[in-house]
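[1] Starting from these lines, generate the structure:
(one chain, ligands or ions: 1)
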Amino acid sequence: MKRVTNPDSGKHRRNGLNYLITPEEIEQFHELGYIVLNDVLTEAEMISIDPWFDHFVMGKEPGMGRDFCDMSQPYGTPFEDFKLVNAMLPSKYRPELQNNIFHQISQNIANQLYRTGKAAMDYEQFLAKKPSKADAEFAMHQDLGYWPKTENTWTATFSLALTDSDLENGCLQAVPGSNKEAQLRSHRPKGASADAASVNRDESHTLVIDMKPTDEIIYLPVKRGSLTIHDERIVHGSAGNMADNWRKTYVVAYRDVNTIAQERAMGFTHSHNDDVNWDEIVH
Ligand SMILES: O=C(O)CCC(=O)C(=O)O
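    Below you'll find the model as predicted:
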């Protein structure tokens, strides 16, 4: 299908908390597994998020356990050695963040993308690549590979750029259409051999897949205030940060309310502190 490119400002699409998306974008999300939306949050709105983001990413929120970690290295890596900083579930730790402006606008867009059920926020995370960290890579994966099996898998994951995100600082990359593959690809813990049967996540949360020679990778650079949305099956990840600036991203994922209820019944909240037996509940 023809990819929707939307070079024009998205500002005219905002009306209060409503950001109008087009039927072509909705179709592209279904067919190719991703879309890019420009100028979703205003600069004033972004400024309301920045201090919270920096608070978490600089490790200033106490008591997070494994919810504050590096997505490119094992648990236990000292903070000064972090490269790809990950703070899970910020509004769980700081209720002041609940229903913030990004939550409200992303919920509005998720409702437009999902018409056959009710979408709700499942989890969120702050992700930041430190400057000049060539191996601050987010290994290629499908999000569903990280999650327990549920009947309905529908997901829309929003990645809001807090800094301009580009090829140099390791923007999101994806394989369009891989969301349509009949089988989920197999995932293994980073560092494990290709035939590893275990899904043990005790040492590191990060999973990887093998890429296919036919995979066509595209890059999804976005400006501050703009965002990408991807589904649960598209193969995606990001490369290291070769630039002398940070790449900062605020991720919020929406799933069907019944899926979220199923996850919670399994004890799965997307916290890295969850006590989950992966061998029993994985795909
Ligand atoms: O933004 C990135 O670098 C990767 C994020 C990602 O894989 C995700 O949100 O599922």
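[2] Pick out the residue closest to the middle of the protein.
    Residue closest to the average C-alpha location in the chain (C-alpha atoms, centre = their mean): V251, at 4.7 Å.
[3] just checking, D210 touches R185?
    Yes. D210 is in contact with R185 according to C-beta atoms under 8 Å; the separation is 7.2 Å. For every residue, glycine as well, the C-beta is placed using N, CA and C.
[4] When these two are compared, which one has more neighbours?
    R185 (17 against 11; other C-beta atoms under 10 Å).
[5] For the more buried one, give its distance to the ligand.
    Shown here: R185 relative to the ligand, a distance of 14 Å by C-beta to the nearest ligand atom, to the nearest Å.
[6] likewise P148?
    From P148 to the ligand the distance is 16 Å (C-beta to the nearest ligand atom).
[7] Does that residue belong to a helix, a strand or coil?
    coil (DSSP: H, G, I helix; E, B strand; the rest coil).
[8] Quick check: it touching F268?
    Yes. P148 sits in contact with F268 when judged by C-beta under 8 Å, with a separation of 5.3 Å.
[9] just for the stretch 151-283 of the chain, where's the confidence low?
    Low-confidence segments of the stretch 151-283 of the chain (pLDDT under 70): 192-204, 279-283.
[10] Number of residues surrounding the residue of it found nearest the ligand?
    Of all residues in the stretch 151-283 of the chain, S238 sits closest to the ligand, at 3.2 Å by C-beta to the nearest ligand atom. For S238, the count of nearby residues is 26 (other C-beta under 10 Å).
[11] Show me where this structure has its helices.
    Remark: helices assigned in the chain by DSSP state H are 23-32, 43-57, 90-93, 101-113, 257-265, 278-281.
[12] Which elements pack onto the fourth one?
    Applying 3 or more C-beta pairs under 8 Å, 6 or more residues apart in numbering; DSSP states H and E, one finds that helix 101-113 contacts strand 18-19, helix 23-32, helix 43-57, strand 119-129, strand 155-161, strand 227-230, strand 247-256.
[13] Now tell me what touches the longest one from outside.
    With C-beta atoms under 8 Å, 6 or more residues apart in numbering as the contact definition, helix 43-57 has outside contacts at 41, 61, 68, 85, 87, 90, 93-94, 96-97, 100-102, 126, 128, 162, 224-225, 248, 250.
[14] Buried residues, that helix. List them.
    Neighbour-count burial for helix 43-57, with 16 or more other C-beta atoms under 10 Å as criterion, is recorded at E45, M46, I49, W52, F53, H55, F56, V57.
[15] Same question for stretch 136-146.
    Per 16+ other C-beta under 10 Å, stretch 136-146 contains these buried residues: A136, E137, F138, M140, H141, Q142, D143, L144, G145, Y146.
[16] Relative to E31, which of the residues you listed is nearest.
    Among these, Q142 lies closest to E31 (C-beta to C-beta), at 16.3 Å.
[17] Isn't that closest one up against H230?
    No. Counting by C-beta under 8 Å, Q142 sits too far from H230 to count as a contact (9.7 Å).
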